[in-house]
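Student: The amino acid sequence is not available; the structure is as follows:
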Ligand code: ZN
């Protein structure tokens, strides 16, 4: 009974830590959101401490590789002065794409925790599984679902904002085309 209680308390404490780290990744995603970037954020944890952070900066840097995970990996390897992260864990708000999953395999990261699945580009179980590919020389322990509602909400908000600004943009465009048409009709009368 005592052992079961202790185990239960331990599991609750572990879950709390996962949530805390994912909340930090979510803060990074919020930074991306505020900068009009696709809101994805990541943190890397080593010996129970955050050693690097990253948020998507593709638009700002005009760099298709500037994903949150890539930035966090570079930060962590710089911090540890090593090329491998085999005792570290990455927390990221959405399932990594094929580029990031490949980089995580190359970095030999130990654990990957992602919040929401990405059915369009996710490469850790959705469209393919680079994190656990039998032909690759490193397998990552993957767990998903921590704070998935919060992380997906931010992404949904972002894309709905994009869609409504596109609609507003196309309204402005069609109004200006209608104006031009009117002027053209007048001038040809
Ligand atoms: Zn990526």
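Tutor: Good, I have the coordinates. Computed from a predicted structure; not experimentally measured.
Student: mind checking how far the residue positioned nearest the centre of the chain is from residue 126?
Tutor: Nearest residue to the geometric centre of the chain (C-alpha atoms, centre = their mean): residue 40, 3.3 Å. The gap separating residue 40 from residue 126 is 15 Å, by C-beta to C-beta, to the nearest Å. From N, CA and C alone the C-beta is placed, and that goes for glycine too.
Student: Residue 30 now?
Tutor: Taking C-beta to C-beta as the measure, residue 30 and residue 126 are separated by 24 Å.
Student: go on, residue 13?
Tutor: 30 Å.
Student: When the two are compared, which one has more neighbours?
Tutor: More neighbours surround residue 126 than the other of residue 13 and residue 126, with 15 against 9 (other C-beta atoms under 10 Å).
Student: show me the contacts for the more buried one.
Tutor: 95, 117-120 (C-beta atoms under 8 Å, 6 or more residues apart in numbering).
Student: And for residue 125?
Tutor: 95, 117, 131-132, 142, 144.
Student: Where strands are concerned, which of the residues you listed count?
Tutor: Counting by DSSP state E, the contacts of residue 125 place 142, 144 in strands.
Student: Between the contacts of residue 125, which sits nearest the ion?
Tutor: Using C-beta to the ion, residue 95 is the member of the contacts of residue 125 that lies nearest the ion, at 9.2 Å.
Student: Name the nearest residue to residue 120, sequence neighbours excluded.
Tutor: Excluding the flanking residues, the one nearest residue 120 by C-beta to C-beta, 6 or more residues apart in numbering is residue 127, at 7.4 Å.
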